[in-house]
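Participant: sequence-free structure coming up:
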C-alpha cells in the first residue's frame, strides 16, 4: 500500500477521533435538552393534564406541581406551592400506609384508581409507572400485610380492624 494512503488514513482517523471527543463532551447536555424539548412539546400539545394521550400511562399532576427534568434528563413531578385547602403531600409514608389512607377515605377501589390517586397526591417513588404499579400491587398482596383484601377483579379494600371488632364484641 502506498505510504501516501496510509498517512491520509491516519490523519483522517485523528480528525474523526477529535470530533468524537468533542461530541462526547456535549452529549449529556444534548440528552437533557432533548428530554426538555420533548416535555415542552408534550405540554403544548396537550394542555389538559386530566386527559392523558390515548395508549399512555401519563397521569395528571397534583395541583401546584410541574414537571422538572432531573440530572439524567428524566421528568419528575415537583410541587411548587400548595393552596390553603390542599394538604402538602406526605413524603415519608410507606406504600401500604399511603394505600390504607386512600382506601379509608374512599372505600374499595380498583388498583388502577388507587395508583392514580397515590400519584395525584404526590407519590413519585421511582417515577417509573410500570415499576411503581408493580410495587403497589406487591405491597397489597404480601402475606405479612394483612390490612388489605382483594374483593375480586383487583378491587381492594381495607380489612376490618381486628382490635375494633374485638372491642365491639366485648362492649356488646
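Facilitator: Perfect, thanks for sending it. Small disclaimer: the values here were computed from a predicted structure and weren't measured.
Participant: how about residue 94, what does it touch?
Facilitator: Residues near residue 94 by CB atoms under 8 Å, 6 or more residues apart in numbering: residue 139. Every residue, glycine included, has its C-beta placed from N, CA and C.
Participant: Phi and psi next, for it.
Facilitator: Main-chain torsions, residue 94, degrees, to the nearest 10: phi -70, psi 170.
Participant: Please tell me how far it sits from residue 113.
Facilitator: Going from residue 94 to residue 113 by CB to CB, to the nearest Å gives 20 Å.
Participant: Could you do residue 125 as well?
Facilitator: Residue 125 is 17 Å from residue 113, by CB to CB.
Participant: Same check on residue 95?
Facilitator: From residue 95 over to residue 113 the distance is 15 Å, taken as CB to CB.
Participant: and these two? which has more neighbours close in?
Facilitator: Using other CB atoms under 10 Å as the criterion, residue 95 and residue 113 rank with residue 95 on top: 18 against 15.
Participant: Please look at that one and residue 135 and confirm they touch.
Facilitator: Yes: using CB atoms under 8 Å, residue 95 makes contact with residue 135 at a distance of 6.2 Å.
Participant: Any idea which helix or strand in the protein has the lowest mean pLDDT?
Facilitator: Of all helical and strand segments in the chain, the minimum by mean pLDDT, DSSP states H and E falls on helix 162-171, at a mean of 48.
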